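Visitor: below is the sequence, then the predicted model.
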Amino acid sequence: MENTRRGVHIAFEGIDGSGLTTHSRRLVDELSNMGYKSEYFKEPTKGPIGDLIRSFLRGDDRVRHDLLALLFAADRLWNYHASTKPIALLKEQGYIVVSDRYKYSSAAYQGAFTDLEWVWIINSRVPHADIIVYLDVPVDVALRRIELRSKNGVAREHYEKAELLEKIRRNYEVVLRKAEEEGVVVIKISGVDSGGERSIDEVAREIKEKIVDFITSRR
Ligand code: ADP
Ligand code: TYD
């Protein structure tokens, strides 16, 4: 098994429906096939705080963004340090850890509706990722995908509305700039081109190439 000298933490970010789960899972499979030790993590987690978050997100519209920010930060801290398979330990063991959302989601989502600086601070107990893969997809494309998913029986969640996602998408620009200023490498992958939506395979190929370059340059 190939080993990275030190672990690498990759965070996938983007609005709902941008393809985070599809592409982060696929990258883990591809890295594993190449012989890298790689693990997939999703936020909100399947732990006790993640369950609580999901119940809020599926509830009525009177959601408190500050309360959600605290819960997301706690869920993340638990996942990083205190779960049965903590990210901190895997990183020490040289794993490539792939997060399907990380603290930049809190900054972009809750930070769009509360105080971004405060959200940034309450998340400072977990370290930055090494690299962010940002899937840049227009809101109308993302909503069309979410619509298809909800027809397949998946209930819509709190943030899955055009005006909220537009605001979050704009806020991602601020968040990615802040992360870059603090030393995180950011790669932006466009979900569309002049011909419209790009295929899953094409986007996945671009992600894999860029990530393999990044990992190789760090070894
Ligand atoms: P997210 O985790 O960002 O909400 P998902 O990966 O769960 O997104 O869902 C994205 C949906 O969009 C999937 O049903 C997927 O098949 C579809 N899709 C269509 N084109 C693409 C693409 N180029 N990249 C990713 N997903 C795509
Ligand atoms: P997710 O399960 O990724 O949504 P889906 O797979 O259905 O697209 O995330 C659930 C929702 O939580 C999503 O709207 C993004 C939001 N979220 C935040 O608002 N803040 C956070 O810190 C995280 C991790 C997610």
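Guide: Nice, I can see it. Ligands and ions are numbered 1, 2, ... in the order given.
Visitor: please name the nearest non-neighbouring residue to Gly19.
Guide: Leu135 (5.3 Å; C-beta to C-beta, 6 or more residues apart in numbering). In short, each C-beta sits where N, CA and C put it, glycine included.
Visitor: wasn't that neighbour part of a strand?
Guide: Yes. Secondary structure of Leu135 (DSSP: H, G, I helix; E, B strand; the rest coil): part of a strand.
Visitor: residue contacts, it?
Guide: Residues in contact with Leu135 (C-beta atoms under 8 Å, 6 or more residues apart in numbering) are 12-14, 18-20, 23, 189, 191, 203.
Visitor: from those, which has minimum pLDDT?
Guide: Lowest pLDDT within the contacts of Leu135 is found at Gly191 (94).
Visitor: one step back: for the residue nearest to Gly19, give its distance to Glu180.
Guide: Distance of Leu135 to Glu180, computed by C-beta to C-beta, to the nearest Å: 17 Å.
Visitor: ok so, going back, for Val126, state which of the contacts of Leu135 is nearest.
Guide: Proximity of the contacts of Leu135 to Val126 (C-beta to C-beta) peaks at Glu13, which lies at 14.7 Å.
Visitor: sorry, back to before: check the residue nearest to Gly19 and give its pLDDT.
Guide: On the pLDDT scale, Leu135 is placed at 98.
Visitor: ok, what's across the strand from it?
Guide: Taking DSSP bridges as the rule, Leu135 bridges to Ile189.
Visitor: next one: it from Leu27, what distance?
Guide: Going from Leu135 to Leu27 by C-beta to C-beta gives 12 Å.
Visitor: with adjacent residues omitted, what lies nearest to Ile96?
Guide: Leaving aside its sequence neighbours, Ile96 sits nearest to Ser38 (C-beta to C-beta, 6+ apart; 4.3 Å).
Visitor: taking the protein, what residue is nearest to ligand 1?
Guide: In the chain, the residue that lies nearest ligand 1 is Gly19 (2.6 Å; C-beta to the nearest ligand atom).
Visitor: angles on the backbone of that residue, please.
Guide: Gly19 adopts backbone torsions of phi 100, psi 20, taken as degrees, to the nearest 10.
Visitor: scan the contacts of Leu135 and report the most crowded one.
Guide: Neighbour counts for these, by other C-beta atoms under 10 Å, peak at Phe12, which reaches 29 neighbours.
Visitor: parallel or antiparallel, list what pairs with the helix or strand harbouring that residue.
Guide: When elements are assigned from DSSP states H and E, Phe12 belongs to strand 8-13. Strand 8-13 pairs in its sheet with strand 96-100 (parallel), strand 131-136 (parallel), by DSSP bridges.
Visitor: how about the residue nearest to Gln110 when sequence neighbours are not counted, secondary structure?
Guide: Counting by C-beta to C-beta, 6+ apart, Gln110 lies nearest to Ala69, which is 3.9 Å off, once chain neighbours are set aside. Classification of Ala69 by three-state DSSP places it in helix.
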